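Novice: Fold the following.
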Amino acid sequence: MSVTAAMVKDLRAATDAPMMDCKKALVESNGDMEKAAAWLKERGIAQSAKKADRIAAEGLVGFKIADDFSKATVVEINSETDFVAQNEGFKNLVLKTTEEIYATSPADVDSLKATSFGSYFAESVAKIGEKIDIRRFATLDASDETVALNGYIHSNNRIAVIILAKCDSKKTAEGMVPMLKNVAMHASAMKPTTLSFKDFDSEFVQAETIGRIETIKKDNEELARLKKPLKNVPLYISMSQLTDSVLAKAEADIKEALKAQGKPEQIWDKIIPGSLARFIDDNTTLDKELALLDQTYVLDDKLTVAQAVEAAAKELGGTAEIVDFVRLEVGEGIEKKADDFAAEVAAQMG
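Specialist: Numbering: from 1, shown residues only. Prediction:
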């Protein structure tokens, strides 16, 4: 009996086994689905299917970077427990998976699992005996000689970052490699989710504006009760909201305030730039929290990350701009299941 793609797909859905193993099982079982499933089970390949309803939110990240900083790969592999994540078998699986992705550049997780490596991964999971998922991965290349790349993996192996910058020359790109390591370490600690404020969706910014202003107002109620200085309540939270007309009004308001204070007009030009900079600083809190280029650089709090990179390139006699980055943190965004042990026991006793 010939084995069809539909049969392989059905067996994969039923067993969670890799496609190549499903096909082999069907061939060995002459197309019989039950026998094929049993064949996979006997070899431990379908064992992970039993764990499909469990949540894998622990684990490790893998990180591999070329000696010449031309390419780097990061991957997140999740386990159910931190105990298993510290197991040598799991650590080796993360290492092998990272090397495979680095070498073969699969399009996505399903593409990786459809290869012979997918069979190796499934067999390794069966030996470890816990639900383990390849959650996500990314590879960045600096194939152009004017592109600089570097990365960083935190000592706990739970956070990894790759940074990519476009430079004006090969010389600048080579010189920027150490700086990009520092930026990767910054990103590891400061948790940016996007490159620039320009990436924010307008609806997201609007919703965040309402929420953040309400939070500050509630904080101020408590501060007022404690007779402590109140926080500034911003009108905006992102540079994307600070249009030319908004900035023009802010400048006009500053001039009105200076006039009310009786400051001589001949010194306004010295005061206005600083006051306008403070207005922008107070009204871009979302950018500073989530956008890498707009964050305050941890190694020099007088500069943003973008400004620090620009300054480092200028020292080398060139220009550089970060154009891409990847940051993976284990379990980020996964809602962990809260186990109610008493309820579980009661259900079993019932």
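Novice: switch to C-alpha atoms for all contacts and neighbour counts from now on
Specialist: Fine.
Novice: V183 and D324, how far apart?
Specialist: Taken as CA to CA, to the nearest Å, the spacing of V183 relative to D324 amounts to 12 Å.
Novice: which of the two has more neighbours?
Specialist: Taking neighbours as other CA atoms under 10 Å, V183 and D324 compare with V183 leading, 28 against 15.
Novice: tell me the contacts of the more buried one?
Specialist: By CA atoms under 8 Å, 6 or more residues apart in numbering, V183 lies in contact with 163, 305.
Novice: where's it, which helix or strand?
Specialist: Taking DSSP states H and E as the definition, V183 sits inside helix 170-190.
Novice: now the next helix or strand after that helix: how far from the chain's centre is it?
Specialist: Heading C-terminal from helix 170-190, the first helix or strand you meet, by DSSP H and E, is helix 202-225. Put simply, helix 202-225 sits 25 Å off its chain's centre (CA atoms, centre = their mean, to the nearest Å).
Novice: List the buried residues in the next helix or strand after helix 202-225.
Specialist: Next along the chain after helix 202-225, taking DSSP H and E as the criterion, comes helix 244-260. Residues 250-251, 254-255, 258 are the ones in helix 244-260 that count as buried (16 or more other CA atoms under 10 Å).
Novice: Against which helices or strands is helix 244-260 packed?
Specialist: In terms of contacts (3 or more CA pairs under 8 Å, 6 or more residues apart in numbering; DSSP states H and E), helix 244-260 is packed against helix 268-282.
Novice: What's the first helix or strand after the helix it packs on?
Specialist: Trace forward from helix 268-282 with DSSP H and E and the next one is helix 285-290.
Novice: Now do that next one, average pLDDT.
Specialist: The average pLDDT for helix 285-290 rounds to 95.
Novice: Buried residues in that helix, which are they?
Specialist: Those would be 285-288, 290, for helix 285-290 by 16+ other CA under 10 Å.
Novice: ok, those vs I153, which is closest?
Specialist: Proximity of those to I153 (CA to CA) peaks at L290, which lies at 19.8 Å.
Novice: which residues touch that closest one?
Specialist: Applying CA under 8 Å, 6+ apart, we find L290 in contact with 191-194.
Novice: F90 too?
Specialist: Contacts of F90 by CA under 8 Å, 6+ apart are 84, 128.
Novice: Which residue, neighbours along the chain excluded, lies closest to D324?
Specialist: Leaving aside its sequence neighbours, D324 sits nearest to L164 (CA to CA, 6 or more residues apart in numbering; 5.2 Å).
Novice: Now do the one you found, the pLDDT please.
Specialist: Reported pLDDT for L164: 98.
Novice: circling back: buried by neighbour count: which residues of the helix holding V183 qualify?
Specialist: Neighbour counts over helix 170-190 (16+ other CA under 10 Å) mark 170, 172-177, 179-188, 190 as buried.
Novice: how far does it sit from the chain's center?
Specialist: 17 Å.
Novice: hey, C-alpha coordinates of that helix in PDB?
Specialist: What follows is helix 170-190, C-alpha atoms only, in PDB (Å, rounded to 0.1, in the frame of the first residue of the first chain):
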ATOM      1  CA  LYS A 170      34.700  48.000   6.400                       C
ATOM      2  CA  LYS A 171      37.100  49.700   8.800                       C
ATOM      3  CA  THR A 172      34.300  51.200  10.900                       C
ATOM      4  CA  ALA A 173      32.400  47.900  10.900                       C
ATOM      5  CA  GLU A 174      35.400  46.100  12.300                       C
ATOM      6  CA  GLY A 175      36.000  48.800  14.900                       C
ATOM      7  CA  MET A 176      32.300  48.700  16.000                       C
ATOM      8  CA  VAL A 177      32.300  45.000  17.000                       C
ATOM      9  CA  PRO A 178      33.300  45.600  20.700                       C
ATOM     10  CA  MET A 179      30.700  48.400  21.000                       C
ATOM     11  CA  LEU A 180      28.000  46.100  19.700                       C
ATOM     12  CA  LYS A 181      28.800  43.600  22.400                       C
ATOM     13  CA  ASN A 182      28.200  46.400  24.900                       C
ATOM     14  CA  VAL A 183      24.900  47.200  23.300                       C
ATOM     15  CA  ALA A 184      23.900  43.500  23.300                       C
ATOM     16  CA  MET A 185      24.600  43.500  27.100                       C
ATOM     17  CA  HIS A 186      22.500  46.600  27.400                       C
ATOM     18  CA  ALA A 187      19.600  44.900  25.600                       C
ATOM     19  CA  SER A 188      19.900  41.900  27.800                       C
ATOM     20  CA  ALA A 189      19.300  43.900  30.900                       C
ATOM     21  CA  MET A 190      16.900  46.600  29.500                       C
END
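Novice: 814 is where my numbering starts, stick with that
Specialist: Okay, residue one is now 814; in that scheme the one you just asked about reads as helix 983-1003.
Novice: Counting neighbours, what do you get for V1111?
Specialist: Neighbour tally, V1111, other CA under 10 Å: 17.
Novice: For T1097, see how far away the closest residue to it other than its chain neighbours is.
Specialist: Counting by CA to CA, 6+ apart, V1111 lies nearest to H999, which is 6.2 Å off, once chain neighbours are set aside. Distance of H999 to T1097, computed by CA to CA: 19 Å.
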